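[1] need a 3D model of the sequence below.
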Amino acid sequence: MASEDHYDIIIVGSGPGGGSLAHSLAPTGKRILMIERGDYLPRSRANWDAKTVFVDGTYQAPDTWYGKGGETFHPGLHYYVGGNSKVYGSALFRLRERDFGELRHKDGISPAWPLGYDVFEPYYCQAEELFHVHGQRGEDPNEPWSSKPYAYPPVSHEPRIQELSDSLKGEGLSPFHLPLGILLDEKDGKPTPTSPCIRCDTFDGFPCAINAKADSQVICVDPTLAAHANFTLLTNAYVERLETDASGRAVTGVHVQRGGQREVYSADIVVVACGALSSALLLLRSGNDAHPTGLANGSNQVGRNYMRHNMSVLMALLKEPNHTVFQKTLAVSDFYFGSSDFAYPMGLIQMCATSHGEQIRGESLPGFLSFLPEMPFDKMAQYSMDFWLQSEDLPRPDNRIFYDGDKVVLSITEGNEDAAHHLKHKLESLMEPIGARPKLMERSLYLGKNIPINGTAHQAGTCRFGTDPHSSVLNLDCRAHEVDNLYITDASFFPSIGAVNPTLTIIANALRVADHLKSRLAA
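    Residues are numbered from 1 along each chain as shown. Okay, here's the model as predicted:
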């Protein structure tokens, strides 16, 4: 192996976990190679076309995976510089402080983390500043304590969403400004002439054609490339497997397929940040004599305990047109830990982007609308208000991703569904007060996929961290128990997922691991 193919650090994956790590480590001057499976996502007007993004799923990975019953599906993954953050909704929440402890749900226990909120708190502050999170402390009744205010003010509500906020307050709730990672400068509720973001209607779920979303490419990868000659990005490069020495204690080779050729790179430290599902698959296909069931898998936990939120997108049909353009500015957490009529955690309600007619056209509509001979999809979109509901998914060893020969199998048994149902009923009870019809329409198509199995946007838990090598894959520094120079910095390490979007915790943890690696590299 040529010396130029050896690096101090190799990072596999350019999403928030890999990008944040590289951004933090590059100033050390160490030689860093980032390997990305895809290329830059093309920038064009099609980025803002609902049919291209949602119905055709143009930017979605073409892979075919299998469910536990043998059914095939295309996972909601995006192989581009920036990873899934290229199309994420950029809602950047901290886990609640109680999420780091044991929580009892109706269907079981959400386990405690081996480190508390206090360890992550300073890194949450760094993550919020790095990713331009706009928010307002003190509004969210369940927000954890913070040592700093948000560095950026909250994204203002448009008139109809302000009316919604006022109506919810009138019902005794505490709606708050959604914390958003966005490159937006506002004055009097409008973008300034120099603001990167223009507050358009294609923010949530769309790639941003003008790079105004705070994604990993825009915030981490491109600025690091521009500022640090010691940082190299390799695109269109698929990591087939990781090779170890005979003892199995050190990764000695990263085997890459690129442009029809096979290449091998090496590094003193290898960090995997492909996303919880793809990272587990990489470890599983990297088995050898020292690791017969997969790299770092002596615990048989790699790929297991897979979690993703119980998610639903619900469309309310209003009695008056909704002229909101940028709708994703409000959230409600009053039911996060339960209510008087349901003693268990329910989850989070947040706004999602305004519906487009082409999205609705691409769905199977519920029976109560089928009497209309021709659906006026664009008109429905004009009268819609859209909500994203998510409840916690509990870790289960049999919820897992694995290989069956060459087939990728994602085996899921749905659980904790009562919480999701109760949360939906809570929202339904608010329809009349906010001027909507009492019936919510369940959206079956979002990000070009059906949410129950293909909805892999909030993936976590496949290589969880802990102190016991028999029940966890990683130690508290997110280093593999069994491999001295292998780390993971995506959501694989989560022992539980809470009910808020996981990306800010991924970023904060990557910055925490970066500090550990700086000390290791200095030593």
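
[2] the stretch 101-250 of the chain: strands as residue ranges?
    When secondary structure is read from DSSP state E, counting those that start in this stretch, the stretch 101-250 of the chain shows strands at 103-105, 108-110, 133-134, 176-177, 180-181, 186-187, 190-191, 231-234, 237-244.

[3] tell me who's in contact with the closest residue in space to L164 that isn't next to it in sequence.
    Excluding its sequence neighbours, the residue lying closest to L164 (Cβ to Cβ, 6 or more residues apart in numbering) is I434, at 5.5 Å. Quick note: C-beta positions are derived from backbone N, CA and C, even for glycine. Contact partners of I434, counting by Cβ atoms under 8 Å, 6 or more residues apart in numbering, are 163-164, 167-168, 316, 385.

[4] circling back: winner for burial among the strands of the stretch 101-250 of the chain?
    Relative to the other members of those, strand 180-181 carries the highest mean neighbour count by mean count of other Cβ atoms under 10 Å, namely a mean of 28.

[5] S174 and P141: what is the separation?
    As for S174, its distance to P141 is 5 Å (criterion: Cβ to Cβ, to the nearest Å).

[6] repeat that for A514.
    32 Å.

[7] more neighbours, the two?
    Using other Cβ atoms under 10 Å, the more surrounded residue of A514 and P141 is A514, with 21 against 14.

[8] for that one, which three-state class applies?
    Recorded secondary structure, A514: helix (DSSP: H, G, I helix; E, B strand; the rest coil).

[9] tally of neighbours for the residue nearest to it when sequence neighbours are not counted?
    In space, not counting the residues next to it along the chain, A514 is nearest to S24; the distance is 3.7 Å by Cβ to Cβ, 6+ apart. Applying other Cβ under 10 Å, we find 22 residues neighbouring S24.

[10] over to S24. Which of the three states is it?
    Reduced to three states with three-state DSSP, the structure at S24 is helix.

[11] now for it: which residues touch it?
    When contacts are taken as Cβ under 8 Å, 6+ apart, S24 is in contact with 510-511, 514-515, 518.

[12] G29: neighbour count?
    12.

[13] and the gap between it and A151?
    Taking Cβ to Cβ as the measure, G29 falls 27 Å from A151.

[14] now swap in D107 and tell me
    38 Å.

[15] how about V270?
    V270 sits at a distance of 33 Å from A151 (criterion: Cβ to Cβ).

[16] with neighbour numbers in mind, choose between those two.
    Applying other Cβ under 10 Å to V270 and A151 shows that V270 carries more neighbours, namely 27 against 14.

[17] identify each buried residue in the helix or strand where the more buried one lies, please.
    Per DSSP states H and E, V270 falls inside strand 261-272. Within strand 261-272, the residues that count as buried by 16 or more other Cβ atoms under 10 Å are 265-272.

[18] same thing with stretch 503-519?
    Counting neighbours by 16+ other Cβ under 10 Å, the buried set in stretch 503-519 is 503-514, 517.

[19] mind checking how far it is from the chain centre?
    If you compare the mean C-alpha spot of stretch 503-519 with that of the full chain, they lie 16 Å apart, counting by Cα atoms, centre = their mean, to the nearest Å.

[20] pLDDT (mean, whole number) over it?
    Mean pLDDT, computed over stretch 503-519, is 98.
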